[in-house]
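Coordinates only, no sequence provided:
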């Protein structure tokens, strides 16, 4: 199918609201792309609002359509479930670990920078304390000392040489009390960052007196007030701070004045500030050790005391420190403190990480394999059901594994095989039923279509087959103007074989009775016996009752060849016509005899098959000859048709079910 056809098919599945929203989107895009002048100015914000509503509606509809298409298949459903159950938690955990690691290294870098800076502040304070104690010792001993003599002393000179190696630009000042002005830190200890004159300093100030000497004051300004040691924070100093970090940059600020341009003023830490200067080193970032060794950027905030003369001591401004680093460099710094144990610890951590990663990969692969196994089996079942729906029951599912899904596939194969066999049996049964229908039609042609008429004789006959075709047979043969042959037979077996034997019996009977009308009934039956014996198998036979009625002589001649004895009713007496011989077709050269019975006016003849005698009631009792004879006497005065129907109805009521176990045939003849 081409893309255009797919697009048309998809468009036909959309609703009117979907199409309206699409039209709105297209119109809005055209209106914004092609200048429409007054129309666009007239619509204005309404067009934007309608566009957003239509776009939101289409997004929701598209999400529903995508969800429906994506989650229709079981494989996609299991994959999505597996992603939410296994993959998403792992991704979230890995993300959390990554963020935590980033923040940890962030904090560690800020800590290293702050520690090194405070180490410089502590070194500056140590120099100031040493000089102050030296000055105080000379003053207490009454010895005068100048700054030059102080710095040239061997101990002090060695101290200053060592300090200047990591405190580049170290400066020492002895400030008198009147030079300090009104600052609150007069004659108190102070160490920290100071911003003065646009420059950031590391300063340490201590009183230039001993603990037991009187403290100088602004009223006694001739005494030294403070010993000040300070170091300018420059790029050279930053180069020595936190060597495990990469580039470091400090940004200084000052309080904003009313005269500062508004564009340069911003708020930070609840203060209105103006950027003063940026100090940065030229140190490069360490080389990358792997794809995981990303660059981490961090920053921290320091506080600097304003060192201007007219500023109070409590006034501070923030100093923002920004830095970059590699996790590998800080990791080496962390494990350096472990000494010789550090390398094995790193190796163990790496091995644990690899082991956990291998477990996760194994779990992922196992989940994928199990998912493919389940979805593959379901897909095979679905494909098999499609074949079944199309009528192909020969399709079989390939059983891949001996598990529950495999057993389900085997059960499906067994089911389709059974259905296929049932369909074949149904087809064979249908074919057989068609053949039986044809046989029934042929058999119906064998029964008399119309009952013959003979003066002084009323006839009725009914044959109800237990199956499609009957094994019972009755016939009437016109033998002349005053003679009529009556025959009733029961063929052994049922179905088509019985019907074929019935056709053979009818043909032989009619040929024998019609061609030679002077033969007795016993001779006719004997000839039929010989014919059936020679032309049927050893297990095929028939019971037969054959009689000839002569209306002129008013006699009934009969021969009973093993058939159920018919009733001959005259008044209230019932006689059984049971003389003749054995069944026909079973033995060769069997002798039969003929019996003559007078047929007085008002007499009734009732011939029947064993289907009227053998039906049982709920207690297992057969209907039997006695009950049938009683019914004949009860119905003898009714028309012959009602007599025949009444007998069948009585038998059916006795059995209590409409289902027949055997064929039922009855012939009724009344002599006038």
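Arrived safely. None of these values were measured; they are calculated from a predicted model.

Could you list the buried residues of stretch 280-293?
281, 283, 286 (16 or more other CB atoms under 10 Å). Yep, even glycine has a C-beta here, placed from its N, CA and C like the rest.

and the second one, what helix or strand is that in?
So that's residue 283. Under the assignment given by DSSP states H and E, residue 283 is not contained in any helix or strand.

Look up how far residue 387 lies from it.
Look at residue 283 and residue 387: by CB to CB, to the nearest Å, they are 74 Å apart.

how about a markdown table for the buried residues of stretch 280-293, with pLDDT added?
As requested, these are exported to a markdown table (pLDDT from 0 to 100):
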| residue | pLDDT |
| --- | --- |
| 281 | 87 |
| 283 | 87 |
| 286 | 86 |
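
Can you find the helix or strand in the protein with the smallest mean pLDDT?
Confidence across the helices and strands of the chain bottoms out at helix 177-180, with a mean of 50, counting by mean pLDDT, DSSP states H and E.

For the next helix or strand after it, report the contacting residues that lie outside it.
Of the helices and strands lying after helix 177-180 in sequence (DSSP H and E), the nearest is strand 190-196. Contact with strand 190-196 is made by 117, 121-122, 124-125, 128, 200-206, 230, 233, 252, 254, 276, 302-308, 313, 317, 319, as judged by CB atoms under 8 Å, 6 or more residues apart in numbering.

Return the subset of those lying in helices.
117, 121, 122, 124, 125, 128 (DSSP state H).

pretty sure the second one is in contact with residue 229, am I right?
No - here residue 121 lies out of contact with residue 229, judged by CB atoms under 8 Å, at a distance of 10.5 Å.

Please enumerate the shared neighbours of those two.
Contacts common to residue 121 and residue 229, judged by CB under 8 Å, 6+ apart, are residue 204.

More neighbours: which of these two?
Using other CB atoms under 10 Å as the criterion, residue 121 and residue 229 rank with residue 229 on top: 27 against 17.

Next up, the contacts around the more buried one.
Neighbours of residue 229 in contact, by CB under 8 Å, 6+ apart: 124, 125, 127, 128, 131, 170, 171, 172, 173, 203, 204, 205.

Look up the closest residue to it, ignoring the ones flanking it.
residue 128 (4.1 Å; CB to CB, 6 or more residues apart in numbering).

Contacts only, for the one you found.
Taking CB under 8 Å, 6+ apart as the test, what residue 128 contacts is 191, 204, 205, 206, 227, 228, 229.

and with 6 Å instead?
For residue 128, the contact set (CB atoms under 6 Å, 6 or more residues apart in numbering) comprises 204, 206, 227, 229.

List the buried residues for the helix or strand hosting residue 159?
Using DSSP H and E, residue 159 falls within helix 154-166. Neighbour counts over helix 154-166 (16+ other CB under 10 Å) mark 156, 159, 160, 163 as buried.

now these in JSON lines, with pLDDT and distance to residue 540?
JSON lines is the format used below for these (pLDDT from 0 to 100; distance: CB to CB, whole Å):
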{"residue": "156", "pLDDT": "77", "distance to residue 540": "146"}
{"residue": "159", "pLDDT": "79", "distance to residue 540": "140"}
{"residue": "160", "pLDDT": "79", "distance to residue 540": "142"}
{"residue": "163", "pLDDT": "79", "distance to residue 540": "136"}
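
Write the ChimeraX selection for whichever of the contacts of residue 229 are buried.
Under the burial definition 16+ other CB under 10 Å, those of these that qualify are selected in ChimeraX by:
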select :124,125,127,128,131,170,172,203,204,205
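
Just put the contacts of residue 229 in JSON lines and tack on distance to residue 446.
Output for the contacts of residue 229, formatted as JSON lines (distance: CB to CB, whole Å):
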{"residue": "124", "distance to residue 446": "136"}
{"residue": "125", "distance to residue 446": "136"}
{"residue": "127", "distance to residue 446": "141"}
{"residue": "128", "distance to residue 446": "142"}
{"residue": "131", "distance to residue 446": "147"}
{"residue": "170", "distance to residue 446": "140"}
{"residue": "171", "distance to residue 446": "143"}
{"residue": "172", "distance to residue 446": "146"}
{"residue": "173", "distance to residue 446": "146"}
{"residue": "203", "distance to residue 446": "137"}
{"residue": "204", "distance to residue 446": "138"}
{"residue": "205", "distance to residue 446": "141"}
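
Redo the contacts of residue 229 as CSV? Include distance to residue 87 and pLDDT.
Listed next are those as CSV, based on distance: CB to CB, whole Å; pLDDT from 0 to 100:
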residue, distance to residue 87, pLDDT
124, 55, 90
125, 56, 90
127, 60, 87
128, 61, 86
131, 66, 83
170, 59, 86
171, 62, 86
172, 65, 85
173, 66, 81
203, 56, 90
204, 57, 89
205, 61, 86
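
Let me know the closest of the contacts of residue 229 to residue 630.
Set against residue 630, the nearest of those by CB to CB is residue 125 (140.7 Å).

OK, contacts around that closest one?
Counting by CB under 6 Å, 6+ apart, residue 125 has contacts 191, 204.

before we move on, what SS does residue 665 have?
Classification of residue 665 using DSSP: H, G, I helix; E, B strand; the rest coil returns strand.

And the one 3 residues further on, by the same measure?
For residue 668, the assignment made with three-state DSSP gives strand.

start at 18 instead
Yep, numbering from 18; the last one is residue 685 now.

what pLDDT does it get?
Residue 685 carries a pLDDT value of 95.

what number of residues lie near it?
Neighbours around residue 685, by other CB under 10 Å: 29.

From what I see, it and residue 657 are in contact.
Yes - at 4.3 Å, residue 685 counts as touching residue 657 under the criterion of CB atoms under 6 Å.

what touches both of these two?
With CB under 6 Å, 6+ apart, residue 685 and residue 657 have common neighbours residue 477.

Walk me through the domains of the chain.
30-87, 111-350, 355-458, 464-688 (automatic domain parsing).

Give the full set of residues in contact with residue 426.
Counting by CB under 6 Å, 6+ apart, residue 426 has contacts 414, 416.

swap that for residue 620, sorry
587, 688.

So for it, what pLDDT did the model give?
93.

thinking again about what came up before, going by distance to residue 263, which of the contacts of residue 246 wins?
The closest of the contacts of residue 246 to residue 263 turns out to be residue 141 (CB to CB; 25.4 Å).
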